[in-house]
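> Predicted structure and sequence below. I'll ask about it afterward.
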Amino acid sequence: MSQPNTRHNSTPGSERLTAMLERMLLIRRTEEQLGADSRAGELPGNVHLCAGQEAIAVGVCNHLSDSDYVGSTHRGHGHFLAKGGSVRSLIAEVHAKSTGACGGLGGSMHVTDLSKGMIGANGIVGGGIGLAAGAALSAQVAGEGQVAVAFFGDGASSQGILPEVFNIAVLWKLPLILVCEYNGYSEFSASSTVNAGEIADRARAFGIPTDVIDGNDVEAVWTSAAIAIERARKGEGPSFIEAKTYRLRGHLEAEDGFLQAPYRSEEEIDQWRARDPIPQLVKRLTEMSAMSDADFEILEAKVAAEVKDALQFANDSEPPEMERVLSSVFVDQLP
Amino acid sequence: MSQPNTRHNSTPGSERLTAMLERMLLIRRTEEQLGADSRAGELPGNVHLCAGQEAIAVGVCNHLSDSDYVGSTHRGHGHFLAKGGSVRSLIAEVHAKSTGACGGLGGSMHVTDLSKGMIGANGIVGGGIGLAAGAALSAQVAGEGQVAVAFFGDGASSQGILPEVFNIAVLWKLPLILVCEYNGYSEFSASSTVNAGEIADRARAFGIPTDVIDGNDVEAVWTSAAIAIERARKGEGPSFIEAKTYRLRGHLEAEDGFLQAPYRSEEEIDQWRARDPIPQLVKRLTEMSAMSDADFEILEAKVAAEVKDALQFANDSEPPEMERVLSSVFVDQLP
Amino acid sequence: MAKMRLTQAINAAYFEEMERNERIVLFGEDVEVSMFGDTRGLHAKFGSNRIRNTPISESAMTGMAVGAAMAGTPAICHLMFSNFALTGFDGIANQAAKLRLMTGGQARLPVTFVAAIGAGTSTGAQHSDTPYPMFMNLGGINIAVPATPADAKGLMKSALRGFNPTIFLLPRVRGATSGEVSEDPDFLVPYGKASVMQEGSDITIVAIGSCVHHAIRAAKALAEDGISVELIDPRTLVPLDTDTIVASVRKTGRLVVVDEARDRCSAASHIAAVVGDEAFSSLKASIKRVTSPNIPMPYAPALERALLPDPDKIVAAARLTLAS
Amino acid sequence: MAKMRLTQAINAAYFEEMERNERIVLFGEDVEVSMFGDTRGLHAKFGSNRIRNTPISESAMTGMAVGAAMAGTPAICHLMFSNFALTGFDGIANQAAKLRLMTGGQARLPVTFVAAIGAGTSTGAQHSDTPYPMFMNLGGINIAVPATPADAKGLMKSALRGFNPTIFLLPRVRGATSGEVSEDPDFLVPYGKASVMQEGSDITIVAIGSCVHHAIRAAKALAEDGISVELIDPRTLVPLDTDTIVASVRKTGRLVVVDEARDRCSAASHIAAVVGDEAFSSLKASIKRVTSPNIPMPYAPALERALLPDPDKIVAAARLTLAS
Ligand SMILES: Cc1ncc(C[n+]2csc(CCOP(=O)(O)OP(=O)(O)O)c2C)c(N)n1
Ligand SMILES: Cc1ncc(C[n+]2csc(CCOP(=O)(O)OP(=O)(O)O)c2C)c(N)n1
Ligand SMILES: [Mg+2]
Ligand SMILES: [Mg+2]
């Protein structure tokens, strides 16, 4: 059908890997903070954490600059930070503060930083796919080699907008990279119960170059993304990456409040814990002699300080004023 | 990926072929009448004719009984008649008469006869796919071996609801036959400009048994449908048939009123005229010595009389009363 | 009678009606787990043929529910949050609301779409809408917005016994409201019959869904000042029992309509328009609407609270009306 | 000034603005052929990069238009018939209308959705809707419903120069209306400013879209009886210039609102509610709505005609109002 990605020769190298580790760790620790805040009842809304899936966001976004676009999901903290959004603005946003990325008007499901090309987390499953495809169209018309990435889940893959976008992206050769974060679940349903066949085959049917990879291996993600993004920048059209992964936390932090029974076995979770992308990457860097225990401790401390600072920043910030709401509906016009 | 249909051994046989010829002819002549009425300004709305595509509707519906379901398109006259709807009720409907299939409230794009399992033409491209899938669900729950057929165009294949239904139909093993009437055009756009890849591949990606056939050959349609319908009745799930065909008329009869230039070459139309399913079938029957010129003339005369009668019936009928409108919105309740 | 929460009442209605009519099916995303609790236990009882988790495919879900209904299988299509009804809107707006008319009355459409409405828990703009005004404008589709467990049960049971397409909306923040509910298996609440929750003579307050509870508190506050409130909950917005409302306003001469929907083309606007026309000569003051402003809902809780109707706003509107 | 039809005026607006701003793109099903004529000639002039036929994929189309706009590319998304906007509603209802607020004001959304509205040519229930009330209730999205070629051009040009999401609705049966249109490249019509088409003192008639033409004829008929009509076309429904309408009713004391949308939660209802509140003490009679009934549109032409607003119904409503 379509040609599979031929493995890219270039690999990220230890310096880049270390930088990616830092970003992944930043995502993890930030979300741990938010998870704790959520359980402590300190957050107004729900949070969907991406713990365990950080390698995908970071491995892909490492290739992007601020002028490239990322469309995200309800589980968007990782994409936000990977795309260069600041921890302060993320934590402040989820804490509903005026200094948050969206001034406290969006919340966890809507974290956005247009100055970084992060066009937003989205509360509608599948919503970000259409937006990212539109950003790819914009990039194509602008003609400056920008690309757009759509992150979406395996559950989202059953939304009709995805094949609609497959079709248009091929017809128009859009600079679009479609990244399916296959974490095996759509809310509380195992993917196999809501997805027939292989998702990658659906992309292949439209003639989209497709790669199915280990999403917990940041090098694999980085290399696959390198090929796809290069293709997009050269005007050769869309690519599809299916990254197998797992979310180590619940669908949302509040789920224990309404679940009658667990939907995942402890065994399964343990298996995936053993494949946590962060320790895996640390191990790899250690093997490469690019990181010592001491180095890692320094990194951890740096990240911890950053998160602590951001939390302090959020706590010190004011909630948004009504003024802000009214001026955030229309440009130069009252609602 | 998925197993292609293995060719069915059984063939329709000359008696059945003759019956199918009669139905095809009835569709053709009925639509010719409606086309003429449209051009003469005698119809209130637009008509989309299926001339050239009759073999698909007839070849598929020949296997169905009144308790099976058919969901159709904006181009639904053929499906309506093939499913056993009466010419009188069709012509009266399109002429907006109270005796029409829908009492003159639906019109050409909505011809429906639930007593025949024809759940309706549909003005929303893709709309009939969801409805037919729902009918298949109903059939499955009823457990009496009914099946549902969704007819839709190549243009409709780019609607997201189709892959959504592919997925659900496989997961639930619905008794659903998805029939793509690939006539090469979506309105005025050549299919290749609005469809990437092969449509059948999209169904295959979900694991749906798929058959790509000559839709102008009623025997081929009949045989392919036999296999698919048997599979559905046995509880083995959905099938996909892509029937290549061509519409010999415009997208809608009124199109010359707004087209600035032709979108199909005369040559192309001529080529397909030479493959008109009706003369092809006549030829086949003649070769089988199952039909003489005289037989055909008798058939033509019979069909002509039926159309004439139906037109007379429509002309003699009254337009609907407002009463009917108000009682046709809710059951036992005012709007 | 049994005391139960609104979601439990809906759950009881599902159980009773699915037992009564073996053809009814229910499907939706994760209805087995049941995030809201209304579908809890159904799968264990009725099995995988009648209770089905679906993929995230709202377009197919709404279309299929309608198709199943047309083919004689009453279908409950659970859409979780009402915003997702907009994601799969074709099956509701272009099919369910129109098919009976388009088929000249042939189609019976025993299909019930269920979804939660309302803001108040900082779920952000895409999970907080109250879109019944949009549904009301469709024509051809019934709309239930129960405020009490009893009405929830009775309205759901009526929907499941009828042959009309229905959108059944569950006021989210009131999902935990408790109340007495009949256990009579034939306890039904009719569509198009408003509930006069309290009779009164000075002013009529019409409130919808969760706003009914705000209005009850407002009525209490007003009563302390000797103001007698007639409180009406329409319960169904299609059909809308304007007769009861108009008759009440003919008596009181004053009306406040409370509706969590955005103001523009809201249910409140429509009720005000109808009453303003039909009870014009009885009106002693202008009709006031207590609604949400014409903007998407922000996340920050203080802002969200400030934008939504509440008892104080109702009291203020009532006083304004009574002052003129 | 040049005399042109409404669709030609929109066409001229596209040409002028796409020349002026090289970033604007336009896409939709068969926009090259242009069934309505409004996009005619654009492809020849602006080429395949900026003018694109799309597959039949309304969900992707609306979503992509919003995404393109967010990324800085003003997008015109042509949806043909407004019912198809409901097929691809998520991009409009859950994205376009909400993204600016959800992003805390970051997003500029120069996206214009174009679609035809209205019945009257027997296209049946799924091609005849006038769904602007649903769009009005969304909050966060502008709505233009021009009645004249000049307004069509000016409103389209304003939409294409602005940064707000807009739904631009083309009254179908009035696509062929002719009128004088400015050729000034900077001729713009503002959003939120109603057009007082005729001043008068006895009664105010507010009419929307194609109903403006019915109202003009009704006003003429009433003038023959010495009745002086003030005729107002809001032109945009979001923002809605209620000030102009309220001021007029304060003067005339009487109001008829004419709106082809279904009555329940219509624009007419909303305007009636606002005026009934804000101009209460000036009202000499109840506000009448001339709208379509709450049902899908039937095919048979005589029925369709009977259900739609027309000059006679407006005259009758006006007389009723004037009699009380
Ligand atoms: C249109 C829509 N339907 C349903 C939901 C409810 N919902 C939120 S997340 C989710 C599951 C998404 O699964 P997947 O795409 O695999 O992402 P994951 O949560 O696994 O990251 C669902 C059904 C929604 N937000 N939007
Ligand atoms: C949702 C929706 N979008 C657009 C249209 C307008 N439209 C009517 S028919 C058609 C083309 C359909 O092409 P295809 O599915 O191939 O069927 P064919 O006309 O070739 O039989 C389009 C775009 C519609 N009716 N519904
Ligand atoms: Mg998942
Ligand atoms: Mg076609």
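Looks like it came in fine. Ligands and ions are numbered 1, 2, ... in the order given.
> Show me how far stretch A:156-168 is from its chain's centre.
Relative to its chain's centre, stretch A:156-168 lies at 18 Å (Cα atoms, centre = their mean, to the nearest Å).
> Rounded mean pLDDT for it, please.
Averaged across stretch A:156-168, pLDDT comes to 98.
> ditto for stretch C:71-90
98.
> Restrict it to CA atoms and write it as CSV.
What follows is stretch C:71-90, C-alpha atoms only, in CSV (Å, rounded to 0.1, in the frame of the first residue of the first chain):
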residue,chain,number,x,y,z
ALA,C,71,-36.3,0.3,12.2
GLY,C,72,-38.4,-0.3,15.3
THR,C,73,-35.7,-0.5,18.0
PRO,C,74,-36.1,2.1,20.7
ALA,C,75,-32.6,3.5,21.3
ILE,C,76,-31.1,5.5,24.1
CYS,C,77,-28.0,7.3,22.8
HIS,C,78,-25.9,8.6,25.7
LEU,C,79,-23.8,11.5,24.7
MET,C,80,-22.2,12.3,28.0
PHE,C,81,-21.8,16.1,27.8
SER,C,82,-24.2,18.1,25.7
ASN,C,83,-21.4,19.8,23.8
PHE,C,84,-20.7,16.4,22.3
ALA,C,85,-24.2,16.4,20.9
LEU,C,86,-22.9,19.3,18.8
THR,C,87,-20.0,17.2,17.6
GLY,C,88,-22.4,14.7,16.3
PHE,C,89,-25.2,17.1,15.5
ASP,C,90,-26.3,15.9,12.0
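> secondary structure class for C:Asp129?
coil (DSSP: H, G, I helix; E, B strand; the rest coil).
> elements contacting whichever strand or helix holds A:Arg28?
Assigned by DSSP states H and E, A:Arg28 belongs to helix A:13-39. If contacts are counted by 3 or more Cβ pairs under 8 Å, 6 or more residues apart in numbering or on different chains; DSSP states H and E, helix A:13-39 sits against helix A:54-61, helix A:77-82, helix A:87-94, helix A:218-233, helix A:277-287, helix A:293-316. Placement of C-beta: from N, CA and C, glycine included.
> Can you mark which positions in that helix are buried?
For helix A:13-39, the neighbour count (16 or more other Cβ atoms under 10 Å in any protein chain shown) marks A:17-18, A:20-31, A:33-35, A:37-38 as buried.
> any residue of it up close to ligand 1?
No: for a cut-off given as Cβ under 6 Å from any ligand atom, helix A:13-39 has no contacts with ligand 1; the smallest distance is 13.0 Å.
> now that helix: mean pLDDT?
On average, the pLDDT along helix A:13-39 is 97.
> one step back: tabulate the helices and strands packed on helix A:13-39 (CSV), appending distance to ligand 4, mean neighbour count and mean pLDDT.
Shown next, in CSV, are the helices and strands packed on helix A:13-39 (distance: least, Cβ to the ion, whole Å; neighbours: other Cβ atoms under 10 Å in any protein chain shown; pLDDT from 0 to 100):
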stretch, distance to ligand 4, mean neighbour count, mean pLDDT
helix A:54-61, 38, 30, 98
helix A:77-82, 39, 30, 98
helix A:87-94, 47, 26, 98
helix A:218-233, 31, 23, 98
helix A:277-287, 47, 17, 98
helix A:293-316, 55, 15, 98
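> Can you add distance to chain B and give the ones you listed back as JSON lines?
Below are the helices and strands packed on helix A:13-39 laid out as JSON lines (distance: least, Cβ to the nearest Cβ, whole Å):
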{"stretch": "helix A:54-61", "distance to chain B": "22"}
{"stretch": "helix A:77-82", "distance to chain B": "23"}
{"stretch": "helix A:87-94", "distance to chain B": "31"}
{"stretch": "helix A:218-233", "distance to chain B": "16"}
{"stretch": "helix A:277-287", "distance to chain B": "28"}
{"stretch": "helix A:293-316", "distance to chain B": "39"}
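> got a markdown table for the ones you listed, with distance to C:Leu322 too?
Shown next, in a markdown table, are these (distance: least, Cβ to Cβ, whole Å):
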| stretch | distance to C:Leu322 |
| --- | --- |
| helix A:54-61 | 58 |
| helix A:77-82 | 50 |
| helix A:87-94 | 43 |
| helix A:218-233 | 65 |
| helix A:277-287 | 64 |
| helix A:293-316 | 45 |
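> would you turn these into TSV with distance to ligand 3?
Below are those laid out as TSV (distance: least, Cβ to the ion, whole Å):
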stretch	distance to ligand 3
helix A:54-61	12
helix A:77-82	13
helix A:87-94	21
helix A:218-233	16
helix A:277-287	16
helix A:293-316	26
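> of all the ones you listed, which lies closest to B:Lys283?
helix A:218-233 (50.4 Å; Cβ to Cβ).
> Can you pull out the low-pLDDT segments for the stretch 51-200 of chain C?
C:174-175 (pLDDT under 70).
> Show me which residues of chain C are close to ligand 1?
Proximity of chain C to ligand 1, by Cβ under 6 Å from any ligand atom, involves residues C:29, C:56, C:58, C:80, C:84, C:87.
> so which of those residues comes closest to C:Met297?
C:Met297 lies nearest to C:Phe84 out of the residues of chain C next to ligand 1, by Cβ to Cβ, at 15.6 Å.
> Which secondary structure element is home to the closest one?
Here C:Phe84 is assigned to helix C:82-87, by DSSP H and E.
> Any part of that helix near chain D?
Yes: shown here: helix C:82-87 in contact with chain D (Cβ under 8 Å from any Cβ of the partner chain) through C:83, C:86-87.
> ranking the residues you listed by neighbours, who comes first?
C:Thr87 (30 neighbours; other Cβ atoms under 10 Å in any protein chain shown).
> can you put the residues of helix C:82-87 next to chain D in TSV and add distance to C:Gly63?
Below are the residues of helix C:82-87 next to chain D laid out as TSV (distance: Cβ to Cβ, whole Å):
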residue	distance to C:Gly63
C:Asn83	18
C:Leu86	15
C:Thr87	13
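> For C:Ile314, see how far away C:Val302 is.
If you look again at residue C:302, you'll see it is Ala, not Val. Computed as Cβ to Cβ, to the nearest Å, the C:Ala302 to C:Ile314 distance reads 20 Å.
> So between the two, which is more surrounded?
Using other Cβ under 10 Å, the more surrounded residue of C:Ala302 and C:Ile314 is C:Ile314, with 27 against 15.
> Do me a favour and get the backbone dihedrals for that one.
phi -70, psi -40 (degrees, to the nearest 10).
> Chain A contacts on the stretch 101-250 of chain C?
C:121-127.
> Just the buried ones from the residues you listed?
Applying 16+ other Cβ under 10 Å to these flags C:122-127 as buried.
> which of those residues lies closest to ligand 2?
Among these, C:Gln126 lies closest to ligand 2 (Cβ to the nearest ligand atom), at 23.2 Å.
> For burial, what's the neighbour tally of residue 11?
Assuming you mean chain A. By other Cβ under 10 Å, neighbour count at A:Thr11 equals 13.
> meant chain C, my bad for not saying
23.
> Ok, C:Gln198 next?
Neighbour tally, C:Gln198, other Cβ under 10 Å: 17.
> out of the residues of the stretch 101-250 of chain C next to chain A, which one sits closest to chain B?
Nearest to chain B, judged by Cβ to the nearest Cβ, of those is C:Gln126 at 18.8 Å.
> my read: that closest one touches D:Ala97, true?
No: taking Cβ atoms under 8 Å as the definition, C:Gln126 is not a contact partner of D:Ala97, at 10.1 Å.
> what residues are up against C:Asp38?
Listed by Cβ atoms under 8 Å, 6 or more residues apart in numbering or on different chains, the contact set of C:Asp38 reads C:7, C:10-11, C:14, C:114, C:170.
> That one should be in a helix, yeah?
No: using three-state DSSP, the secondary structure at C:Asp38 is coil, not a helix.
> Spell out whether stretch C:86-103 and chain B are in contact.
Yes: Stretch C:86-103 is in contact with chain B by Cβ under 8 Å from any Cβ, via C:90-91, C:94-95, C:99-103.
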